[in-house]
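Participant: predicted model, plus sequence, below.
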Amino acid sequence: MEQAIAKAGALIEAMEYIRSFKDKIVVVKLGGSILDDVELQKKLLADVVFMSIVGMQPILVHGGGKAITAAMNEAGLEPVWIQGRRYTDERTLAIAEHTLIKAVNGPICNMLRDMGVNAMGLHSLSSCAVFAETLRLDNEDGRKIDLGLVGKVAEVNADLLTTLCHSGVIPVIAPVARSRTGGKLNVNADSIAGHVAAAVNAEKLVVLSDTHGIRMDVDDPESRISSASEKEIEAMIKKEIISSGMMPKVESCITALDGGTGKTHIIDGRIPHSLLLEIYTDKGIGTQIIK
């Protein structure tokens, strides 16, 4: 009986959140171990389906770096990393595109459809929602570093995304974008998620990772920061509390907030129902970043 009463209490707690988030867009970035574990993926996507059924309008953006590296190894190619980014030539891009679309995006869409919702994969081989321009990094001596076919977001087709959301379709975006000249560019998925959230004026951006959020001490799980402002995040970056692995996720959140997104969250996608716990309960389980 007590367990049943507790469940009813949780539903009542969720009711106010469900009401306030009805018809609001939330962008969810999938990455890390979620993309390597089919069962974990199914559980997480069930949460996304719940969000859709109760009236929220989710947009999914996924990565797939580990799968790309594995596919390159099978092809006998050694990845080349420059300042934490994968150098991308024509062959690497072809492998990345095939892996992201066929091995990651397609199965995610199929799982969502099997759970009774409509989903559409958006990428370089279908309708494209993200357009990019070539990315060049700055060297210490001021010269530009060539990363090959790597891009940065130049434009997001917000009209397409909002139209799909309002029609009850869940857009699933792979991080291979079209360039303005008609070519293809490999783009960081965290960056895409932030720009997408900003473009569609999302209520929330939730970045799923393999950590419980931002920690004051990387090795101490108890040092997690539950909430931080943009200014506090900037101070932590200066103090190098935020490491290079967390940096793309934090930058994604800042991009979204600067574009008008209400709140952003970095949470551990391996925790059962982490997405629902962060959005629909009083006590979040990750780090909330606000303007």
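Facilitator: Sure, I can see it.

Participant: what's the local residue count around residue 116?
Facilitator: Residue crowding around residue 116 was assessed by other Cβ atoms under 10 Å; the count is 9. C-beta coordinates here come from the backbone N, C-alpha and C atoms, glycine included.

Participant: out of everything not next to it in sequence, what's closest to it?
Facilitator: Among residues not flanking residue 116 along the chain, residue 49 sits closest, at 7.0 Å (Cβ to Cβ, 6 or more residues apart in numbering).

Participant: what's the helix or strand hosting that neighbour packed up against?
Facilitator: Using DSSP states H and E, residue 49 sits within helix 38-53. Under the contact criterion of 3 or more Cβ pairs under 8 Å, 6 or more residues apart in numbering; DSSP states H and E, the helices and strands touching helix 38-53 comprise strand 25-30, strand 57-62, helix 106-114, helix 274-280.

Participant: right, and the helix or strand after the third one?
Facilitator: In this case it means helix 106-114. Moving toward the C-terminus from helix 106-114, the next helix or strand (DSSP H and E) is strand 118-122.

Participant: give the pairing partners of that following strand; include direction for each.
Facilitator: Strands that pair with strand 118-122, judged by DSSP bridges, come out as strand 169-173 (parallel).

Participant: quick one, the strand it pairs with and helix 106-114 angle?
Facilitator: Angular relation of strand 169-173 and helix 106-114 on a 0 to 180 degree scale: 170 degrees, by axes from the mean of the first three to the mean of the last three Cα atoms, to 10 degrees.

Participant: who's in contact with the helix or strand just after strand 169-173?
Facilitator: The element immediately downstream of strand 169-173 (helix or strand, assigned by DSSP H and E) is strand 176-179. Applying Cβ atoms under 8 Å, 6 or more residues apart in numbering, the set of residues contacting strand 176-179 from outside is 93, 96-97, 100-101, 123-124, 128, 130-134, 151, 153, 184-187, 192.

Participant: tell me the SS of residue 155?
Facilitator: Following DSSP: H, G, I helix; E, B strand; the rest coil, the label given to residue 155 is strand.

Participant: partner residues bridging it?
Facilitator: Counting by DSSP bridges, residue 155 is bridged to residue 131.

Participant: if I look at it, how far off is residue 239?
Facilitator: 34 Å (Cβ to Cβ, to the nearest Å).

Participant: ditto for residue 223
Facilitator: Counting by Cβ to Cβ - residue 223 and residue 239 are separated by 14 Å.

Participant: neighbouring contacts of the helix or strand bottoming out on mean pLDDT in the chain?
Facilitator: Within the chain, confidence by mean pLDDT, DSSP states H and E is lowest for helix 2-21 among all helices and strands, at a mean of 76. Here helix 2-21 makes contact (Cβ under 8 Å, 6+ apart) with 54, 55, 56, 203, 204, 276, 279, 280, 281, 282.

Participant: ranking by neighbours, what's the top pick from these?
Facilitator: Using other Cβ under 10 Å as the neighbour definition, the contacts of helix 2-21 reach their maximum at residue 279, which records 24 neighbours.

Participant: pLDDT score for that one?
Facilitator: Residue 279 carries a pLDDT score of 83 in this model.

Participant: that older thread, for the residue nearest to residue 116, give me its contacts.
Facilitator: Residues in contact with residue 49, defined by Cβ under 8 Å, 6+ apart, are 112, 115, 116, 117.

Participant: next, count neighbours for the nearest residue to residue 208 once chain neighbours are set aside.
Facilitator: Nearest residue to residue 208, sequence neighbours excluded (Cβ to Cβ, 6+ apart): residue 269, at 3.4 Å. If you count neighbours by other Cβ under 10 Å, residue 269 ends up with 27.
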